[in-house]
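> Sequence and predicted structure below; questions after.
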2 protein chains.
Amino acid sequence: MNDSRPQAADEAPGDVGMTDIPRFVPLYVQIKRLLTQGLQAGEWKPGEPIPSEVELARRYGVSQGTVRKAIDELAAENLVVRRQGRGTFVATHHEARTQFRFLRLLPDDEGGEELGSRIVECRRLRAPVEVARVLGLRAGEAVVCIRRILDLQGEPTVLDEIWLPGARFRGLTAERLAAYSGPLYGLFEREFGTRMIRAAERLKAIAADEVTAELLGIEPGSPLLQVERVSSTYDDVAVEFRRGLYVTRRHHYFNELS
Amino acid sequence: MNDSRPQAADEAPGDVGMTDIPRFVPLYVQIKRLLTQGLQAGEWKPGEPIPSEVELARRYGVSQGTVRKAIDELAAENLVVRRQGRGTFVATHHEARTQFRFLRLLPDDEGGEELGSRIVECRRLRAPVEVARVLGLRAGEAVVCIRRILDLQGEPTVLDEIWLPGARFRGLTAERLAAYSGPLYGLFEREFGTRMIRAAERLKAIAADEVTAELLGIEPGSPLLQVERVSSTYDDVAVEFRRGLYVTRRHHYFNELS
DNA sequence: AAGTGGTCTAGACCACTTT
DNA sequence: AAGTGGTCTAGACCACTTC
């Protein structure tokens, strides 16, 4: 990096194509990419510290301020966590702090947060077309399908159907799931080296069918909040499709807009 | 500001109360507060530029880098918009860009974004207890209640019930609303000096009652997405309570998690 | 005391927009 | 050419944590 300062791309002035090719890539963006690659490659594991700013500045031959700006953006994207006086750590799903970033369901009346999970089934099968499309697989490729129920405040509240690429989650079985307690994303991160970074959700209100109603202990036809989620890891590679059905009688999905 | 560097609060070392009193307030936070106050006071109007970084640095007697950090945070909170080479502008709801930050409803199949609005009613009345509580009013104080229908892709899709503090929105009438086209928050900003900054939403799935079903042209009992929103202006003062009922047959509420 | 992230400065130069 | 925000540097000092 010592001799490579950000430079203009070999591009005639004026836009050529429809995709806007950035003419200059700032140094801190380059550093940020290097760090992201290190995270992706597992050079530093979740929960562990990354090298100090001074060390990284020396290693890459840039000033500390430049490294700092790169890390600031990684922290803003929740890829790392800064802790003054201690260091900068790779984010992990094994923290109470991270839990409610992805499960945005709260009790209407401020109550406890008891959360229980029951695996209904876990089987491997060929990907249905819709799932294959979302996960970027060929139709018929192997996928894992998990169905589980979450109990909040002691009541069955969420019925999740989770689809994962079979190749990436080789060895994921019902037994393995049953033996594990804690957030599923924690398991994925620790056992399969797959960290969920971002997710896009699509919400709808639907009526409960009979099977679902039975599982959730509600009347068929009751309104349910359907939450479809596509989660992705580094580089926005989709690695999970999830359809959740939420009972919102005593709970609600919360969202902050700004 | 020339002689006031950030200093330790006159506080014995060690925490005294339960509220954590910050011992040091960084300079850039102080600058940020001054700028926020200027925005709140209307010193610079929505859409207008604020003074340049150099000018502000001179005015407050700090370095440009410090002003820069303050503005960076304001930009991250969507209070201002930076434009390279031009300046920094006060954010406004009169922009296509800002529209879908608050109405997070999209067609399932990528389609146009035709959006129509019809006012059903607009009347002034005494605040019901629930509304008074949310808006921080005394029970019985004057409020404005608006009901309107949004048509997306030519179909009635949203029934909104909007509650506003009567004092702040004096002179808001059905005629005034009918004469205006565009986002409601644009009207509030321009005509009533009230800019919505942040909002917290609570979502539930419910069944349509008869009146609602009639207005939205659906069957009674159909599932609806209920979106309750509390919007606030500078300093997190709640100034709007809104209950929206969304038909999610061909649309969905989208959300990005990270 | 040493090491970490956090703040602040002063100055240089670059990219972009407007005049 | 002038003015704006954007990047980068080098260095100082502060706050916090650990040893």
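Structure received. Numbering: from 1, shown residues only, chains lettered A, B, ... in the order given.

> Which parts of the stretch 1-150 of chain A are strands?
A:80-83, A:87-90, A:105-107, A:115-126, A:142-152 (DSSP state E, counting those that start in this stretch).

> Which strands or helices does the longest one pack on?
Right, strand A:115-126. Under the contact criterion of 3 or more Cβ pairs under 8 Å, 6 or more residues apart in numbering or on different chains; DSSP states H and E, strand A:115-126 touches strand A:142-152, helix A:174-179. Heads up, the C-betas are built off the backbone N, CA and C, glycines and all.

> do the third one as well
If you count contacts as 3+ Cβ pairs under 8 Å, 6+ apart, strand A:105-107 packs onto strand A:251-257.

> Would you mind finding the longest helix in chain A?
helix A:27-41 (DSSP state H).

> Just confirm yes or no for it near DNA strand D.
Yes: taking Cβ under 7 Å from any atom of the strand as the criterion, helix A:27-41 and DNA strand D are in contact, through A:27, A:28, A:29.

> Next, count neighbours for the closest residue to the last one other than its chain neighbours.
It refers to residue A:29. Closest residue in space to residue A:29, ignoring its immediate chain neighbours: residue A:70 at 7.4 Å, by Cβ to Cβ, 6 or more residues apart in numbering or on different chains. Close neighbours of residue A:70, defined as other Cβ atoms under 10 Å in any protein chain shown, add up to 25.

> which residues does residue A:103 contact?
For residue A:103, the contacting residues are residue A:150, taking Cβ atoms under 8 Å, 6 or more residues apart in numbering or on different chains as the criterion.

> Contacts only, for residue A:66.
So residue A:66 contacts A:27, A:28, A:31, A:57 (Cβ under 8 Å, 6+ apart).

> neighbour-wise, which of the residues you listed leads?
Busiest of the contacts of residue A:66 [other Cβ under 10 Å] is residue A:31, holding 24 neighbours.

> State the distance from it to residue A:73.
Using Cβ to Cβ, to the nearest Å, residue A:31 is found at 10 Å from residue A:73.

> now do residue A:210
Note on residue A:210: its distance to residue A:73, by Cβ to Cβ, is 49 Å.

> Residues contacting the helix or strand bottoming out on mean pLDDT in chain A, please?
Lowest on mean pLDDT, DSSP states H and E among the helices and strands of chain A sits helix A:96-102, with a mean of 82. Applying Cβ under 8 Å, 6+ apart, the external contacts of helix A:96-102 come out as A:78, A:91, A:92, A:106, A:183, A:185, A:196, A:199, A:231, B:257, B:258.

> One more: stretch A:164-182?
Contacts of stretch A:164-182 (Cβ under 8 Å, 6+ apart): A:94, A:117, A:119, A:121-122, A:124, A:135, A:137, A:141-144, A:146, A:148, A:187-188, A:191-192, A:194, A:239-240.

> Got a PyMOL select line for the buried ones in those?
Those of those that count as buried under 16 or more other Cβ atoms under 10 Å in any protein chain shown are selected in PyMOL with:
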select buried, chain A and resi 94+117+122+135+137+143+144+146+148+187+188+194+239+240
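
> nearest spatial neighbour of the residue most central in space within chain A, skipping sequence neighbours?
In chain A, the centroid-proximal residue (Cα atoms, centre = their mean) is residue A:196; its distance is 2.6 Å. Nearest non-adjacent residue to residue A:196, counting by Cβ to Cβ, 6+ apart: residue A:231, 4.5 Å away.

> The host helix or strand of that neighbour vs strand B:251-257, what angle?
Using DSSP states H and E, residue A:231 sits in strand A:223-233. Counting by axes from the mean of the first three to the mean of the last three Cα atoms, to 10 degrees, strand A:223-233 lies at 40 degrees to strand B:251-257.

> Just the CA atoms of strand A:223-233, as PDB, please.
Taking C-alpha atoms only, strand A:223-233 is exported to PDB below (Å, rounded to 0.1, in the frame of the first residue of the first chain):
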ATOM      1  CA  PRO A 223     -54.700 -12.700  11.500                       C
ATOM      2  CA  LEU A 224     -50.900 -13.400  11.500                       C
ATOM      3  CA  LEU A 225     -48.000 -11.200  10.700                       C
ATOM      4  CA  GLN A 226     -46.000 -12.900   8.000                       C
ATOM      5  CA  VAL A 227     -42.300 -11.900   8.000                       C
ATOM      6  CA  GLU A 228     -40.200 -13.100   5.000                       C
ATOM      7  CA  ARG A 229     -36.500 -12.500   5.500                       C
ATOM      8  CA  VAL A 230     -33.600 -12.900   3.200                       C
ATOM      9  CA  SER A 231     -30.300 -12.800   5.200                       C
ATOM     10  CA  SER A 232     -26.900 -12.300   3.700                       C
ATOM     11  CA  THR A 233     -23.300 -12.600   4.800                       C
END
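
> about what we covered before: what is the nearest of the contacts of helix A:96-102 to residue B:221?
residue A:106 (26.4 Å; Cβ to Cβ).

> Flag every residue of chain A that's near DNA strand C.
A:8, A:23-24, A:50, A:52-55, A:65, A:68, A:82-88.
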